[in-house]
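[1] No sequence on hand, only this structure:
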């Protein structure tokens with residue numbers, strides 16, 4: 001239990017750290033991406049606004065080829081050195097390229113209608129893709145005497161920008177992964193330290209319960225023996241009933257002590273994969289024969305369907321589980337209740353089901369029905385059980401890496417399903433009985 005709590009705390013701590021790192025990482029990535037794009041846009045705007053409109057000379061405005069296209073004069077070389085991979089393309093009013101650097105395929109850019117907004121008198125920032133390469137463009141109208149005579153386009157390849165983002169993403173992922181690993185390790189250590197006082201207290205409580213249960217067995221046995229001896233004597237009227245009540249109370253207390261001692265022992269044992277193989281059908285059939293008198297005394301209408309179900313569990317464990325389930329039925333159902341006991345194999349699990357046709361339990365009580373000292377007398381017939389029977393079944397099943405499920409059966413009654421790891425089947429025919 002303490003180990004499970006430690007793992008849950010570690011998982012919660014790691015989940016919280018992961019969520020924080022995820023939020024910080026996404027925020028950092030989005031912020032950096034936006035910042036880099038804003039920086040590119042500012043550079044492009046500066047280049048476009050400072051670009052000389054002399055390229056749109058009279059020949060260009062009149063529709064003839066200007067002299068600037070393909071030129072690589074001193075001013076252009078200075079601008080190229082200053083803005084690195086930034087370029088400027090000048091287009092005439094008819095969309096024809098007037099001027100562009102020699103390293104830029106301006107015709108392909110023009111085919112993307114990049115100047116439409118500028119020729120309509122609007123500035124525009126957009127991203128386009130040419131030959132699998134992305135470009136960031138800033139387009140502004142070129143005016144002469146108050147009218148739009150062309151467009152100036154500033155552009156920059158986003159290859160370096162995306163490379164920086166990929167590097168940032170790699171760093172964030174590596175940092176986040178390292179943070180999660182550290183969170184898991186640190187969380188496990190811190191959870192262990194935080195739960196250490198609880199573990200010590202739980203261990204002391206468990207030891208106390210085990211020791212007290214062991215010590216109480218002898219005085220309770222003496223009380224029972226003394227009551228039995230008194231009942232053999234001639235007692236005054238009314239004394240016999242009192243002595244019988246003392247004996248019955250001592251028997252009930254002895255059963256409770258035995259259950260507490262069994263749980264204390266199970267708590268000290270870790271879950272194991274048993275090497276011993278037991279056929280549930282054989283073990284359950286043996287227990288039913290042993291408990292025949294008790295079942296008949298409760299007028300149980302018993303029906304069985306026992307199929308071969310080899311399980312990785314000692315025979316004693318299966319027998320104890322079966323006895324606890326049947327004792328739970330006897331203690332908490334009315335006389336004459338019909339009970340169905342079945343064994344089978346489903347996938348990789350051997351299954352034991354015990355269903356009674358009693359009143360069942362309220363649906364709200366099902367989640368806690370396997371807890372210790374749970375009693376649901378409002379729905380089921382009040383009995384003398386200790387409230388530990390199903391808890392023992394659950395502890396035994398977990399001891400052998402199995403599970404227990406409790407459901408209200410369709411119609412009426414309660415169904416308890418015990419699933420244990422299945423083993424290789426023995427070469428014999430299935431056993432089917434009904435009584």
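    Looks like it arrived, so ask away. The structure presented is a predicted model; accordingly, all values stated were derived computationally and were not measured.
[2] Quick one: mean pLDDT over the helix or strand residue 87 falls within.
    For residue 87, the host element (DSSP states H and E) is strand 86-92. Here strand 86-92 scores 84 as its mean pLDDT.
[3] Same question for stretch 392-404.
    pLDDT averaged over stretch 392-404 gives 86.
[4] Buried ones in that stretch, by neighbour count?
    Residues of stretch 392-404 classed as buried by neighbour count (16 or more other CB atoms under 10 Å): 392, 393, 394, 395, 396, 397, 399, 400, 402, 404. All C-beta spots, glycine's among them, are computed from the backbone N, C-alpha and C.
[5] Show me the residues you listed that map onto helices.
    Applying DSSP state H to the buried residues of stretch 392-404, the entries found in helices are 392, 393, 394, 395, 396, 397, 399.
[6] I'd like these as TSV, with distance to residue 142 appended.
    Output for these, formatted as TSV (distance: CB to CB, whole Å):
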residue	distance to residue 142
392	90
393	87
394	83
395	86
396	88
397	83
399	85
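[7] ok, so of the residues you listed, who is nearest residue 146?
    residue 394 (88.9 Å; CB to CB).
[8] check contacts around that closest one.
    Residue 394 makes contacts with 370, 404, as judged by CB atoms under 8 Å, 6 or more residues apart in numbering.
[9] Please report the distance of it from residue 358.
    Distance, residue 394 to residue 358, by CB to CB, to the nearest Å: 20 Å.
[10] Run through the stretch 101-250 of the chain and note the low-pLDDT ranges.
    The stretch 101-250 of the chain contains residues with pLDDT under 70 at 110-112, 195, 198-217.
[11] Break down it into its helices, ranges please.
    Shown for the stretch 101-250 of the chain, the helices assigned by DSSP state H, counting those that start in this stretch span residues 106-111, 116-119, 159-231, 239-267.
[12] now the longest one, how far from the chain's geometric center?
    The one in question is helix 159-231. How far helix 159-231 lies from its chain's middle: 18 Å, per CA atoms, centre = their mean, to the nearest Å.
[13] residues contacting residue 87?
    Per CB under 8 Å, 6+ apart, neighbours of residue 87: 80, 100, 101, 103, 104, 154, 155, 156.
[14] any idea which helix or strand carries residue 286?
    Residue-wise, residue 286 maps onto helix 280-290 under DSSP H and E.
[15] Check which element follows that helix along the chain.
    Past helix 280-290, the next helix or strand by DSSP H and E is helix 292-297.
[16] Any buried residues in the helix or strand immediately after that next one in the chain, and which?
    Counting by DSSP H and E, the next helix or strand C-terminal to helix 292-297 is strand 301-306. Buried residues in strand 301-306, defined by neighbour count with 16+ other CB under 10 Å: 302, 304, 305, 306.
[17] how about the residue nearest to the first one when sequence neighbours are not counted, secondary structure?
    Using CB to CB, 6 or more residues apart in numbering and skipping residues adjacent in sequence, the residue nearest residue 302 is residue 339, 5.3 Å away. State at residue 339, reduced to three classes by DSSP: H, G, I helix; E, B strand; the rest coil: strand.
[18] Quick check: bridge partners of residue 339?
    residue 302, residue 356 (DSSP bridges).
[19] list the contacts for it?
    295, 300, 301, 302, 303, 326, 329, 333, 354, 355, 356, 357.
[20] how near is the nearest residue to the first one once chain neighbours are set aside to residue 292?
    Nearest non-adjacent residue to residue 295, counting by CB to CB, 6+ apart: residue 302, 6.0 Å away. Distance, residue 302 to residue 292, using CB to CB: 9 Å.
[21] quick one: common contacting residues for those two?
    In contact with both residue 302 and residue 292: no residue, using CB under 8 Å, 6+ apart.
[22] returning to what we had before: which residues in the helix holding residue 286 does the neighbour count mark as buried?
    280, 281, 282, 283, 284, 285, 287, 288.
[23] Turn those residues into JSON lines, columns for distance to residue 343.
    Shown next, in JSON lines, are the buried residues of helix 280-290 (distance: CB to CB, whole Å):
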{"residue": "280", "distance to residue 343": "4"}
{"residue": "281", "distance to residue 343": "5"}
{"residue": "282", "distance to residue 343": "9"}
{"residue": "283", "distance to residue 343": "9"}
{"residue": "284", "distance to residue 343": "6"}
{"residue": "285", "distance to residue 343": "9"}
{"residue": "287", "distance to residue 343": "11"}
{"residue": "288", "distance to residue 343": "11"}
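[24] returning to what we had before: tell me the one of the ones in helices among the buried residues of stretch 392-404 nearest residue 318?
    Looking across those and measuring by CB to CB, the closest to residue 318 is residue 396, at 8.8 Å.
[25] Verify the contact between that closest one and residue 316 for me.
    No. Using CB atoms under 8 Å, residue 396 is not in contact with residue 316; the gap is 9.8 Å.
[26] List buried residues within the contacts of residue 87.
    Using 16+ other CB under 10 Å, the buried members of these are 80, 100, 101, 104, 154, 155, 156.
[27] Just give me the neighbour total for residue 245.
    The number of residues packed near residue 245 is 11, by other CB atoms under 10 Å.
[28] That one and residue 238: what is the separation?
    In this view, residue 245 and residue 238 are 11 Å apart by CB to CB.
[29] ok, now residue 346?
    In this view, residue 346 and residue 238 are 57 Å apart by CB to CB.
[30] So for these two, which sits in the more crowded spot?
    Per other CB under 10 Å, whichever of residue 346 and residue 238 has more neighbours is residue 346, with 11 against 8.
[31] how much space between the more buried one and residue 311?
    12 Å.
[32] ditto for residue 289
    20 Å.
[33] So which of the contacts of residue 87 is the closest to residue 321?
    residue 156 (74.3 Å).
[34] what about the closest residue to that closest one other than its chain neighbours, how many residues close to it?
    Closest residue in space to residue 156, ignoring its immediate chain neighbours: residue 86 at 4.8 Å, by CB to CB, 6+ apart. Residues lying near residue 86 (other CB under 10 Å) number 21.
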